[in-house]
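K.L.:
3D, please:
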Amino acid sequence: MIKAAWLIALALTIGLVLIFSPGCPPSSGDNPPADDNRAAGDASSTDGAGTTDAGTTDSGTTGDGSNGDATDNGTADQGTLKVQMLADFSSSALASGQDIPAGCDAPGLLQDHPGLAAGLDCDGDGAKVAYITPSVFRIAVKRLTLYNDANEAVALVPDTGRLADAAVIDLTNPVTLADTALPAAHYVRVEVELYYYEMVMPLNNPPADQGLRMYLSDDDFAAEGNLGHHQGDITLVDADSHELGFAVEAMPWTIADLSPVHVDMVGAGSTDPQTGHRRGLFGDEVLWNQDAFVQGPEQDVYLMTLPVDLSLTPTGKILNIVFNIKDSWYYEDYENDGHFAPCGSGQGNPGDACFDGGGWAAIFPTPEVQIEDAPAAP
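P.N.:
Have a look, this model is predicted:
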């Protein structure tokens, strides 16, 4: 029986971990994920109430809103900024500007890993590298804030307070988060606090579309309502995003085998040294212990900082935040059937995640920021 899962991280600017059964220790050639796309900042939470609807979120701004001479898209001291968030299902989650060898001749290659071309079996264990692209991608945003070079803030998604009130945004189709006049200034970064992300993808064999939720933040604190989710937990959700239960190591990912509560597991996520909370299946110590998540004993909010170089002028700009999610689930296909079946029901069918040495990874891509000029007013 599989007793534990080992997780390693690769040198990618994406939040991924590779999970191995105990027969495969982490490769000595693997490096922790680059964290220069995330920076420490104020991730404090305050109590909030009410429900935030999915989709477009009202924006708020700070700064000088005085009027000046009129132009096509704004005034002399203002410009219109349209902010869009979307998922790109045709661009790989692994394409993050990194040089990842796609063949088996990479120096120090000991195990198959994300980045290898699909169909390869570089470690010779009989399982071929495989990927899954989800059909649906959602993200729960607690806040999204734009800062100028004077460190003045513009709330594009206002802070919802509690994680449970985060705006759940379905990015299967592009979503406009804000379309508003802002002070003409040089904006230098976007900060995003995230609760979780969800994907719908085929699961088990025979396969059926299933919603998966990966927790990026911890809500198991009094100020958050003691909701019982830790960083790295994976749960299954129904078609309406209602949570069905927690995935547990060495157990099938089927409704009957889910746990109704978080179960402490032995994985590379380890225990948070500040909160004492045991992390779930997703993530390792390199991911969760980075400076951005050192927030004290009473909170753990996933903070992501994205650098931008946006000089807003009266003619206006469009800011696109794009998640590349093609191939955002990696696994070794031990059954060579083209399906990810995490764990089976017996020794004769252990499942792709429970074979000795089997590896899989949920790949959370760092979004790309794209800036373009706004079209001229008719």
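K.L.:
where's the lengthiest strand in the chain relative to the chain centroid, distance-wise?
P.N.:
Counting by DSSP state E, the longest strand found in the chain is strand 186-203. How far strand 186-203 lies from its chain's middle: 5 Å, per CA atoms, centre = their mean, to the nearest Å.
K.L.:
Could you do stretch 160-167 as well?
P.N.:
Worked out by CA atoms, centre = their mean, stretch 160-167 lies 17 Å from the chain centre.
K.L.:
pull the CA atoms of it into CSV?
P.N.:
Extracted in CSV, the C-alpha atoms of stretch 160-167 (Å, rounded to 0.1, in the frame of the first residue of the first chain):
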residue,chain,number,x,y,z
THR,A,160,-13.5,41.0,-0.2
GLY,A,161,-12.2,40.6,3.4
ARG,A,162,-12.8,37.0,4.1
LEU,A,163,-11.5,34.3,1.7
ALA,A,164,-15.0,32.7,1.6
ASP,A,165,-16.3,35.9,-0.1
ALA,A,166,-13.7,35.9,-2.9
ALA,A,167,-14.9,36.6,-6.4
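K.L.:
Give me the buried positions along that stretch.
P.N.:
160, 161, 162, 163, 164, 165, 166, 167 (16 or more other CB atoms under 10 Å). Backbone N, C-alpha and C define where each C-beta goes, glycine included.
K.L.:
okay if I get those residues as a markdown table plus distance to residue 79?
P.N.:
Shown next, in a markdown table, are the buried residues of stretch 160-167 (distance: CB to CB, whole Å):
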| residue | distance to residue 79 |
| --- | --- |
| 160 | 27 |
| 161 | 30 |
| 162 | 33 |
| 163 | 33 |
| 164 | 35 |
| 165 | 31 |
| 166 | 29 |
| 167 | 25 |
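K.L.:
got the end-to-end distance for stretch 157-164?
P.N.:
The straight-line separation of the ends of stretch 157-164 (CA to CA, to the nearest Å) is 15 Å.
K.L.:
ugh, wrong one, I meant stretch 150-158
P.N.:
Span of stretch 150-158 from end to end, CA to CA: 20 Å.
K.L.:
Residue 146 looks like it's in a helix, true?
P.N.:
No - remark: residue 146 does not belong to a helix; assigned using DSSP: H, G, I helix; E, B strand; the rest coil, it is strand.
K.L.:
With residue 203 as the reference, measure out to the spatially closest residue to it that is not a sequence neighbour.
P.N.:
Of all residues not flanking residue 146 in the chain, residue 154 sits nearest, at 4.3 Å (CB to CB, 6 or more residues apart in numbering). Residue 154 sits 40 Å away from residue 203, taking CB to CB, to the nearest Å as the criterion.
K.L.:
helix or strand for the residue nearest to residue 146, which one?
P.N.:
strand 153-157 (DSSP states H and E).
K.L.:
List the buried residues for that strand?
P.N.:
154, 155, 156, 157.
K.L.:
Now pLDDT and distance to residue 217 too, for those, in TSV please.
P.N.:
Below are the buried residues of strand 153-157 laid out as TSV (pLDDT from 0 to 100; distance: CB to CB, whole Å):
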residue	pLDDT	distance to residue 217
154	94	23
155	95	19
156	94	19
157	94	15
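K.L.:
For residue 116, state which of these is nearest.
P.N.:
residue 157 (36.4 Å; CB to CB).
K.L.:
what separates stretch 235-243 from the chain centre, distance-wise?
P.N.:
So, by CA atoms, centre = their mean, the centroid of stretch 235-243 is 17 Å from its chain's centroid.
K.L.:
tell me which residues in that stretch are buried?
P.N.:
235, 236, 237, 241.
K.L.:
Secondary structure element holding the last one?
P.N.:
When you say that, I think you mean residue 241. With DSSP H and E as the test, residue 241 turns up in no helix or strand.
K.L.:
what's the closest of the buried residues of stretch 235-243 to residue 333?
P.N.:
Nearest to residue 333 among the buried residues of stretch 235-243 is residue 236, at 21.0 Å by CB to CB.
K.L.:
what's the closest non-adjacent residue to the closest one?
P.N.:
Closest to residue 236 by CB to CB, 6+ apart is residue 244, at 4.5 Å.
K.L.:
what sits against that neighbour?
P.N.:
Residues counted as contacts of residue 244 (CB atoms under 8 Å, 6 or more residues apart in numbering) are 235, 236, 237, 238, 255, 258.
K.L.:
With respect to pLDDT, which of these ranks lowest?
P.N.:
Among those, residue 255 carries the weakest pLDDT, at 91.
K.L.:
Quick check, it in contact with residue 247.
P.N.:
No - using CB atoms under 8 Å, residue 255 makes no contact with residue 247, being 11.1 Å away.
K.L.:
Now do the shared contacts for the two.
P.N.:
Common neighbours of residue 255 and residue 247 (CB under 8 Å, 6+ apart) are residue 236.
K.L.:
neighbour count winner among those two?
P.N.:
residue 247 (27 against 11; other CB atoms under 10 Å).
K.L.:
thought the more buried one was touching residue 262?
P.N.:
No - judged on CB under 8 Å, residue 247 makes no contact with residue 262 at a distance of 10.7 Å.
K.L.:
Closest to residue 212 out of the buried residues of stretch 160-167?
P.N.:
Among these, residue 166 lies closest to residue 212 (CB to CB), at 17.4 Å.
K.L.:
Show the contacting residues for that closest one.
P.N.:
Here residue 166 is in contact with 52, 140, 141, 142, 160, 194, 195 (criterion: CB under 8 Å, 6+ apart).
K.L.:
Any chance of those in TSV with secondary structure as columns?
P.N.:
Shown next, in TSV, are the contacts of residue 166 (three-state DSSP):
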residue	secondary structure
52	coil
140	strand
141	strand
142	strand
160	coil
194	strand
195	strand
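K.L.:
Among those residues, find the lowest-pLDDT one for me.
P.N.:
For these, the pLDDT minimum is residue 52, 32.
K.L.:
I am finished for the moment; much appreciated.
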